[in-house]
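*Asks:* A structural model of the following input is requested.
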Amino acid sequence: MRTSHQALYEFGQSFLAPMLNHYTRELLEHSAGHRPVCLAREGWVFFKLLNHLSKANLIELPHAPCYLKVSRTLLFRSMLGEEGSWEIALKHHFKGTVLNLLMKRFGLQLHEAFALLPAELLGFSLRLPDDIEKVIGWLAPHGKRLHDHVAPTREALQHYLKQEGLLDKTPVPLMLDLGYAGTIQKLLTKMTERDTAGLYFIANSPGDTTVGKARAHMRGVFRENVKWSEGYVMLERSLLLESLMTAPHGQVVDMRLRTDGTLDFFYGRMAAPQRYYQDLETVLQGAMDGVEEGFRLGIQYSVEEIEAIYASFALPPSAIPKSAWHLFNIDDDFSGNGVINPTQLFGL
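*Replies:* Here you go, the predicted structure:
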C-alpha cells in the first residue's frame with residue numbers, strides 16, 4: 001500500500017504537472033518585454049515553480065518574476081467609496097446583508113462597519129448583481145467617509161506597488177493567475193495607470209479592456225470565450241485547482257505601512273489547505289518535480305490531453321486519492337458562501 005506522502009506526491013505529479021508544464025511553456029512564448037507578476041493565492045504556486053525551474057537552469061526569463069500578495073478583497077477595500085468603483089466591486093454575485101458585504105467583500109471588520117454606517121442600513125438584505133443600483137444608492141452617500149477611512153490601506157498598497165516595480169514604465173507586467181475575468185489585473189491596471197498583460201488558465205473575455213487611462217490585455221492558455229454553466233469541466237470544477245494552488249498564508253485582506261517603510265499584511269481565515277500546508281506542499285513538490293522532469297525530457301502536452309487528464313480526476317468519484325481529500329477546502333467569503341468543500345460539492 002502506498003504511504004500517504006507518496007500518494008500526495010504522485011497526485012501532484014499526475015494531476016497538476018501536465019497543466020503547469022503547458023502553462024509554463026506558453027508563458028515563455030510571451031515573456032519577451034514582460035515581467036511575470038504572480039497574483040494572489042494561486043500566484044504563489046506559479047512563483048515557486050518559475051524559481052524552481054530557473055534554479056534548475058531549465059528556463060530563462062528576461063525579467064525575474066515577482067509574487068504580488070494581493071486579493072480582490074484588499075483592492076476593493078483600498079478603493080472603498082471611490083467614485084466610479086462601485087460598479088466594479090458590486091457586479092460579482094453575492095447574497096446577504098450590507099454588513100456581510102462590507103465584511104466579506106471589502107474586508108471591513110465588524111466595529112469598522114458599525115462606526116461608518118447606520119445600523120439600519122447594515123441590516124438591509126441584497127442580492128448581487130440584481131440589486132446593484134439599489135446598493136449603490138444606499139452606499140454612495142457615505143462614500144467620502146468610507147474612502148477616508150481606508151486611506152491607510154490605500155497608502156500601504158501604493159507603497160507596495162511602487163516597491164515591487166509595478167509603477168515603473170518598463171517592462172510590461174504579465175499577470176499570472178488561474179482566471180477567469182481578470183478582476184485583479186483590471187484593478188491593478190486602473191491603480192497603476194499603465195498597460196498590463198494577463199496570462200490565465202481560462203479567460204472568459206480575452207483581448208483588450210480599457211480601464212481608466214490604460215489597457216488590460218487578457219489571454220487564456222487552455223480555453224477562451226467560455227462562460228460558466230456551459231459545461232466546460234476545467235471551468236465548472238475549477239474550485240479543485242483553487243484549493244490546491246494556494247499560498248500558505250491564504251488571502252490577504254488588509255495591509256499597513258509602518259513608519260520605517262516596512263509593510264504589515266493581514267490575512268483572512270485559514271481554510272484546510274493552510275491548516276495542512278505540509279500535505280499540500282507534498283502535492284506541489286510532486287507537481288514541480290513533474291514539470292522539471294517534463295522540461296528535461298522534452299515532454300509536452302496538448303490542450304486536449306490536459307482537458308482529458310483533468311476530467312479523469314474531476315468527474316468520477318474516488319479518482320482523487322483519499323489522502324488528499326482534506327485539502328479540498330476554499331474560502332469563498334468574497335461571494336458570501338463561506339468555506340466550500342469542492343469534493344463534497346461535486347460529489348467526488
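*Asks:* so His34 touches Pro171, yeah?
*Replies:* Yes - in this structure, His34 is within contact of Pro171 by C-beta atoms under 8 Å, at 5.6 Å. Quick note: C-beta positions are derived from backbone N, CA and C, even for glycine.
*Asks:* neighbour-wise, which of those two wins?
*Replies:* His34 (20 against 15; other C-beta atoms under 10 Å).
*Asks:* ok, back up a step: so for His34 and Pro171, which residues contact both of them?
*Replies:* Residues touching both His34 and Pro171 (C-beta atoms under 8 Å, 6 or more residues apart in numbering): Pro62, His63.
*Asks:* three-state assignment of Pro141?
*Replies:* Secondary structure for Pro141, judged by DSSP: H, G, I helix; E, B strand; the rest coil, is helix.
*Asks:* Give me the number of neighbouring residues for it.
*Replies:* Applying other C-beta under 10 Å, I find that Pro141 has 10 neighbouring residues.
*Asks:* do Asn341 as well
*Replies:* 17.
*Asks:* What about the nearest residue to it once chain neighbours are set aside, how many residues nearby?
*Replies:* Of all residues not flanking Asn341 in the chain, Asn329 sits nearest, at 5.5 Å (C-beta to C-beta, 6 or more residues apart in numbering). Other residues near Asn329 come to 22 when the count uses other C-beta under 10 Å.
*Asks:* now stretch 105-118, how far from the chain's geometric center?
*Replies:* 24 Å (C-alpha atoms, centre = their mean, to the nearest Å).
*Asks:* per-residue confidence averaged over it?
*Replies:* The average of the pLDDT scores along stretch 105-118 is 94.
*Asks:* State the phi and psi torsions of His147.
*Replies:* His147 has phi and psi values of phi -60, psi -40 when expressed as degrees, to the nearest 10.
*Asks:* okay but it is in contact with Leu80, surely?
*Replies:* Yes - between His147 and Leu80 a contact is recorded at 6.4 Å, counting by C-beta under 8 Å.
*Asks:* neighbour-wise, which of those two wins?
*Replies:* Comparing His147 with Leu80 by other C-beta under 10 Å, the one with more neighbours is Leu80, at 26 against 17.
*Asks:* Just the strands from the protein, written as ranges.
*Replies:* 34-39, 66-68, 94-97, 125-128, 172-177, 196-203, 207-211, 214-224, 252-257, 263-267, 330-331, 339-340 (DSSP state E).
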